[in-house]
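Enquirer: Turn this into a structure:
(one chain, ligands or ions: 1)
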Amino acid sequence: MRKILKYGGFYMSKIIDDGSKLVVDKIQNGTVIDHIPAGKAFLLVDILNLSEHDKIMIGTNLASKKMGRKDIIKIEDKEFTPEQMNSIAIVARPVTFSVIKDRNRISKEQVHLPKKIKNIIKCPNELCITSKENINSNFELENVEGKDKLRCVYCEKLFDIEPMSKYINL
Ligand code: ZN
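Expert: Residues are numbered from 1 along each chain as shown. Modelled structure (predicted):
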């Protein structure tokens with residue numbers, strides 16, 4: 001059972017298969033994005049604007065004790081801003097970003113939805129002033145009956161978080 005995908009055709013992933021467990025090879029320096037809900041890896045690649053110039057390894061549907069199945073992305077020579085990391089929380093949770101230096105993990109952070117999200121998402125409301133004029137978008141996180149939602153500060157419309165992935169613009 002080998003399930004690894006090559007993205008962009010630039011980096012040939014090396015997979016270690018010890019019989020029971022499938023492991024994506026370690027990177028020297030860069031970022032490991034782990035605990036991605038299975039099936040979301042390619043969406044994250046799009047949102048993070050990774051291109052054919054990036055050296056990426058993607059593992060999908062890997063066994064996970066906590067999650068059952070998970071995806072993982074490893075990117076050589078690349079780090080991400082807190083804004084980029086937290087924008088991922090809009091489409092996938094839990095997700096962790098680990099920074100790797102000389103094959104050692106030097107930090108690990110779990111993404112979380114920020115209370116305020118500025119500029120990252122375009123307001124889906126075509127009548128919103130931010131859609132018509134050159135104004136930076138601004139959303140606030142709101143909890144409605146136990147469910148996280150985003151409210152546009154300008155048009156005051158409330159949106160479910162999941163569909164907002166289509167409107168992310170980093
Ligand atoms: Zn709006």
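
Enquirer: quick one: low-confidence ranges for the chain?
Expert: 1-23, 170 (pLDDT under 70).

Enquirer: So which residues on it come close to the ion?
Expert: Applying C-beta under 5 Å from the ion, we find that the chain lies next to the ion at 123, 125, 128, 152, 154, 155. Yep, even glycine has a C-beta here, placed from its N, CA and C like the rest.

Enquirer: Now tabulate these in TSV and tack on distance to residue 79, secondary structure and neighbour count.
Expert: Shown next, in TSV, are the residues of the chain next to the ion (distance: C-beta to C-beta, whole Å; DSSP: H, G, I helix; E, B strand; the rest coil; neighbours: other C-beta atoms under 10 Å):
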residue	distance to residue 79	secondary structure	neighbour count
123	29	coil	23
125	34	coil	15
128	33	coil	18
152	30	strand	21
154	32	coil	18
155	35	coil	16
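
Enquirer: List phi and psi for residue 67.
Expert: phi -110, psi 0 (degrees, to the nearest 10).

Enquirer: Please disregard the earlier target; I meant residue 96.
Expert: Residue 96 adopts backbone torsions of phi -120, psi 150, taken as degrees, to the nearest 10.

Enquirer: Which residues are in contact with residue 150?
Expert: 117, 121, 139, 140, 141, 142, 158, 159, 161, 164 (C-beta atoms under 8 Å, 6 or more residues apart in numbering).

Enquirer: Beta-bridge partners for the fifth one, please?
Expert: Think residue 141. In this entry, residue 141 is beta-bridged to residue 150, by DSSP bridges.

Enquirer: What number of residues are in the vicinity of it?
Expert: By other C-beta atoms under 10 Å, the residues close to residue 141 number 16.

Enquirer: what sits against it?
Expert: 113, 114, 115, 116, 117, 148, 149, 150.

Enquirer: how about the strands in this structure?
Expert: Along the chain, the segments classed as strands by DSSP state E run 4-5, 15-17, 22-24, 30-37, 56-64, 68-76, 96-101, 104-110, 116-118, 138-144, 147-152, 158-160.
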